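S.K.: could you work out the structure for the sequence below:
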Amino acid sequence: MAAEGEATVPNGAGAKASASQAGAGEPKRAGGFLRQAFTYYGVSIAQTFVEFGVFALMKAFGLAVGVSNGIAVACSGAFNFFMNRNVTFKASSNFWRSVALFVLLYVWNFLFGTWFIDATSAAFGWPQAAGKLVTMVMQGIWGFCLCKWVIFK
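M.R.: Numbers count the residues shown, from 1 in each chain. Down below sits the predicted model:
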């Protein structure tokens, strides 16, 4: 009879149970690729609400559009950084290195996005919203890859 907390194992499966129990003392991984991808894109969706909410709140306090938008972008970027660092990727890498790389990614995304929207509109006659949508998809893909394998590594 099995003691409390122990599972009984059918004949022939004992080796499998022992092998899985052997890894019980190993440190947990930060999570599988799919879990991280879903969490990363979930954080991005939440970031949208944070940015809009902070923008609306700042406007309600009577701040100018540029100031309100700047505060909103800073708050949503900080939210994204801390959530992805601590929840999505569970990073223990150098904090300031991660901050610097994350800021560089934001600057790159801004510069590339602005150029791409204008370039596709001028070259192909695309509506600017279509260029923005394509830009956001590309930024979402390389942003995840860079956060996973470079920024929070």
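S.K.: okay, and the most centrally placed residue in the chain sits in which element?
M.R.: Centre of the chain computed as the mean C-alpha position; nearest residue by C-alpha atoms, centre = their mean is Y40, 3.2 Å away. Taking DSSP states H and E as the definition, Y40 sits inside helix 33-60.
S.K.: so for the lengthiest helix in the chain, what gets flagged as buried?
M.R.: The longest helix of the chain (DSSP state H) is helix 95-124. Buried residues in helix 95-124, counted by 16 or more other C-beta atoms under 10 Å: S98, L101, F102, L105, Y106, N109, G113, F116, I117, T120, S121. For the C-beta atoms, the positions are set from N, CA and C on the backbone; glycine is no exception.
S.K.: show me what counts as buried in the next helix-or-strand element following it.
M.R.: For helix 95-124, the following helix or strand on the C-terminal side (DSSP H and E) is helix 128-146. Across helix 128-146, burial judged by 16+ other C-beta under 10 Å covers G131, K132, T135, Q139, G143, F144, L146.
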